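K.L.:
got a structure for you, letters missing:
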C-alpha cells in the first residue's frame, strides 16, 4: 500500500488497529480514509499508540490521531508557529464535522 511508512518498530495499520476498541474503529477508519483523500503526498507513520499523517516526505505532520475508549483525539498542526489544536471526537460524531479543520491544516503545512 502506498503512502505508508513506519520507522523503527515496523508496525502497520493492520497490527495497530487491533488495539482500537471495536466501537471506535469505524470512526478511526473514516478519519484515516479522509486523511489519505487529501492528496497523493499524504504519508502515514504508524507509531506505538497513535498514527501521524504527514505531508510528503518532508514529514511536516498535520494530523496526529489517537484512539480512546469513547472516541478519537486528533492533534492538528497548521504550522510550527501556531499552537497545536486538539479535537476530541466521540464515536457518535462523523469526521465530516471536522474535515475542514484537517484539510485546512493539510493545505497550510509546509
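P.N.:
Structure received. All values derive from a computational prediction rather than experimental measurement.
K.L.:
mind listing what residue 102 touches?
P.N.:
31, 34, 35, 38, 62, 63, 74, 76 (C-beta atoms under 8 Å, 6 or more residues apart in numbering). Every C-beta, even on glycine, is put in place using the N, C-alpha and C of the backbone.
K.L.:
in terms of secondary structure, what does the strand ranked longest in the chain contact?
P.N.:
In the chain, assigned by DSSP state E, the strand with the most residues is strand 60-67. Contact analysis of strand 60-67 by 3 or more C-beta pairs under 8 Å, 6 or more residues apart in numbering; DSSP states H and E lists helix 25-37, strand 51-55, strand 71-76, helix 99-108 as its packing neighbours.
K.L.:
quick revisit: export the contacts of residue 102 to a markdown table and tack on pLDDT and neighbour count?
P.N.:
Output for the contacts of residue 102, formatted as a markdown table (pLDDT from 0 to 100; neighbours: other C-beta atoms under 10 Å):
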| residue | pLDDT | neighbour count |
| --- | --- | --- |
| 31 | 95 | 23 |
| 34 | 95 | 17 |
| 35 | 96 | 26 |
| 38 | 95 | 18 |
| 62 | 94 | 24 |
| 63 | 95 | 26 |
| 74 | 96 | 23 |
| 76 | 95 | 20 |
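K.L.:
distance of the closest residue to residue 36 other than its chain neighbours from residue 51?
P.N.:
Spatial nearest neighbour of residue 36, excluding adjacent residues (C-beta to C-beta, 6 or more residues apart in numbering): residue 42 at 5.4 Å. Distance, residue 42 to residue 51, using C-beta to C-beta, to the nearest Å: 11 Å.
K.L.:
again with residue 14
P.N.:
Using C-beta to C-beta, we find residue 14 at a distance of 12 Å from residue 51.
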